[in-house]
Structure formats: structure tokens, C-alpha cells
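Colleague: Any chance you could fold what I've pasted below:
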Amino acid sequence: MMRTIQSAFNQWDDGGNLDKKLEQAKSELLKDPIVQKALIKKPELTEETLEQGLIKLFEYQKERHHCEQCPGLEKCPNMMQGYQPELVISRGHLDLTYHACSLKAHEVERRKRNDLIKSLYIPREIFEADFQTIDFDGERADAIAEAIEFAGNVNPGEDPMGLYLYGRFGVGKTYIVGAIANQLMKRGVETFTVYTPDFFTEMKNSIGNGTFQEKLNSVKKAKVLILDDIGAETMSPWVRDEVLGSILQHRMFEKLPTVFTSNYNYEGLEKHLMYSDKSGTEELKALRIMERIRHYTKLITIEGKNRRQT
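Modeller: Residues are numbered from 1 along each chain as shown. Just a heads-up that it's a prediction; the model follows:
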């Protein structure tokens, strides 16, 4: 059972010494270097305002001492975790405002940056790739240099030019686009990376649950879209025309760049887009898709060994 306010006062009073103890607590409060440092910045503070605001001052002292002995953000004991109090005078009264401490601000910024990297069916560790640590072997040096230039200069909404990274299985195409996404995050540019075969499968399934348009729009409108491993999917006219074609059409009009990775070069992807099990060969529709891809990407050939076997 909680103690009553009266019993709490009785414990403090202890023979009529309540006023004395309050004065002692006030004296110790005002001698505290943390409190003195805060008060010296308030030359307009009157004795009356100080007396009326002692409760706020005690709260300030307690919270600031927690900050001085910071146990880390996750264990922060402050009333508002990750926030520090600041003394202010508002309408003639002593009051507190709170602002994020450096740890909290760093965490908020980290989450904000991480939110810039969106992905579907891509292992999260891919986005730990960094151009500072990537392997610049001779066979991949030119391709990586092109990727660095793109990541440093891409301007969504103004320039729609993207990249088309072509190379054999395992040469590091996905790792390079992970480094692109990481670099763009540092610039504050949103990316959306999707593993294309699984994405197209999900789009088929989303028709039944009513989420097709929402998912399609989220990919269409990404500032920089990365379609990883295009050509590895089972192609159908619906996927080619209603999904891929719709995405590329919107991005062309809005000048939003797209990055592709593929085991096919342009010619190989064109043949892949032409053929489907149900409809046979549809050359004209495939040419329309490839015209957009060719016109709005720069072909980068990545040579090298299969790094997944080393």
C-alpha cells in the first residue's frame, strides 16, 4: 500500500524539523555545480521565481546527474529516455524543456538514414557494402569507378540516367549495388532495392489480396530503384507489360534513375523479354521495354572470378 502524503511528511518532520531539513536540501541544491552553472545563465531570475520553482530545479538536478553518469541510451533513467532537461523562464515561472542528448540524436539520425534504404528479398548485410572497403581488383576497377561516380552524382527528378550492371554469376554485382545504396544513404537519397524474381512473384500474389497497386507505387516512386538480377525470373506478358513496363514508364516521365543487375547483356535480356511459355515470342513489346532500358542506363560490364566460390 502506498504511503499517504501525511505519513511522508511525518517521517520528514521528525520532531518539528521539517523547515530545517527543507532549508538544508535547498542549500545543497544551490551549491551543486550543475545547478549553479544553469542558474548563472539566468541573470533575470528573481529570488521569488527561484523559490516557486524549486521542484523544477530538483528535477533538473536529478536528471542532469543521470546524464553526467550516463549508462548508455538503452539504460537511460531519465523521465524521457534519451532527453536532457534545460532550465527556462516561461511567463515568470521556472520551467524545464527537454532536448535529445547526443546519443539520442545519433540514434534518430541512424534510423532516419536506415529508412532511406528500402529493400525486398535482399539480405540486409548487402547494404553493409562500402566503396571504402570494396575489392578494387583489376578486372572490376572500371565498373566500380563508374558505380562510385553514379552514387556521387545521381540527381533523382532531374536526371533519369541509371546503370545496367552486366556480368556472370558471382562477380559481385549485388555487392556493388549495395555499396551504391549505402553511399546514397550518406547523401540522404532514398533507394529501393528488390530481388526481381521474388518481387514479380509477389506482385502476382498481391492481386488476390488487394495490395497490388500499393506495392507497385512504392517501387515506381522510389528516388533510386535497384532491380537486382533482372532476367532470372520466369517471364510472362503480364509481368513484362503491367509490372515492369508500368514501372519504367513512370520513372521515365518523373526522371527517376533505375539501376539493373543481370546475367544478361542488353541483347540477352531483350530475347528473354520476348519469350513466354504461354504467348510464344512477342518481339515488339520486348523492344519497347528494352528501348527504355537502353536509353536510360549506361551498360557496365563486370568481369572477374566467381567470388561465391572463394
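
Colleague: Nearest spatial neighbour of Leu120, chain-adjacent residues omitted?
Modeller: Leaving aside its chain neighbours, Leu120 sits nearest to Val194 (4.4 Å; criterion: Cβ to Cβ, 6 or more residues apart in numbering). C-beta coordinates here come from the backbone N, C-alpha and C atoms, glycine included.

Colleague: Revised request: answer the last question for Thr49.
Modeller: Leu94 (5.7 Å).

Colleague: Give me the three-state assignment for that neighbour.
Modeller: Leu94 falls in the strand class when you classify it by DSSP: H, G, I helix; E, B strand; the rest coil.

Colleague: Can you tell me how far it is from Ala38?
Modeller: 10 Å (Cβ to Cβ, to the nearest Å).

Colleague: that's a strand at the residue nearest to Leu120, yeah?
Modeller: Yes - secondary structure of Val194 (three-state DSSP): part of a strand.

Colleague: How about Tyr296: what's its closest non-neighbour residue?
Modeller: Nearest one to Tyr296, counting by Cβ to Cβ, 6+ apart, is Pro160 at 5.2 Å.

Colleague: residues touching the one you found, list them.
Modeller: 251-252, 254-258, 296 (Cβ atoms under 8 Å, 6 or more residues apart in numbering).

Colleague: give me the number of residues near Val243?
Modeller: Residues lying near Val243 (other Cβ atoms under 10 Å) number 22.

Colleague: any idea how far it lies from Ile122?
Modeller: 18 Å.

Colleague: go on, Met235?
Modeller: 21 Å.

Colleague: who does the helix or strand containing Lys26 touch, helix- and strand-wise?
Modeller: Assessed by DSSP states H and E, Lys26 sits inside helix 18-31. On a contact count with 3 or more Cβ pairs under 8 Å, 6 or more residues apart in numbering; DSSP states H and E, helix 18-31 meets helix 5-13, helix 33-39, helix 54-68.

Colleague: highest average neighbour count across these?
Modeller: Using mean count of other Cβ atoms under 10 Å, the stretch among the helices and strands packed on helix 18-31 with the largest mean neighbour count is helix 54-68, at a mean of 16.

Colleague: which residues of the stretch 51-200 of the chain fall in helices?
Modeller: 54-68, 102-115, 141-153, 173-186, 196-209 (DSSP state H, counting those that start in this stretch).

Colleague: Reformat those as CSV; add distance to His272 and mean pLDDT.
Modeller: Converted to CSV, the helices of the stretch 51-200 of the chain look like this (distance: least, Cβ to Cβ, whole Å; pLDDT from 0 to 100):
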stretch, distance to His272, mean pLDDT
helix 54-68, 60, 89
helix 102-115, 34, 72
helix 141-153, 22, 95
helix 173-186, 16, 94
helix 196-209, 12, 91
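
Colleague: Which one of these lies nearest to Ile289?
Modeller: Closest approach to Ile289 among the helices of the stretch 51-200 of the chain (Cβ to Cβ): helix 196-209, 13.2 Å.

Colleague: Put the alpha carbons of that closest one into CSV.
Modeller: Only the C-alpha atoms of helix 196-209 are listed here, as CSV (Å, rounded to 0.1, in the frame of the first residue of the first chain):
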residue,chain,number,x,y,z
THR,A,196,13.4,-9.0,-59.2
PRO,A,197,12.3,-12.7,-59.5
ASP,A,198,10.8,-12.7,-56.0
PHE,A,199,9.3,-9.3,-56.5
PHE,A,200,7.5,-10.3,-59.6
THR,A,201,6.1,-13.4,-57.9
GLU,A,202,4.9,-11.2,-55.0
MET,A,203,3.2,-8.8,-57.4
LYS,A,204,1.2,-11.8,-58.9
ASN,A,205,0.1,-12.8,-55.4
SER,A,206,-0.8,-9.3,-54.4
ILE,A,207,-3.6,-9.2,-56.9
GLY,A,208,-5.6,-11.6,-54.8
ASN,A,209,-5.2,-9.6,-51.5
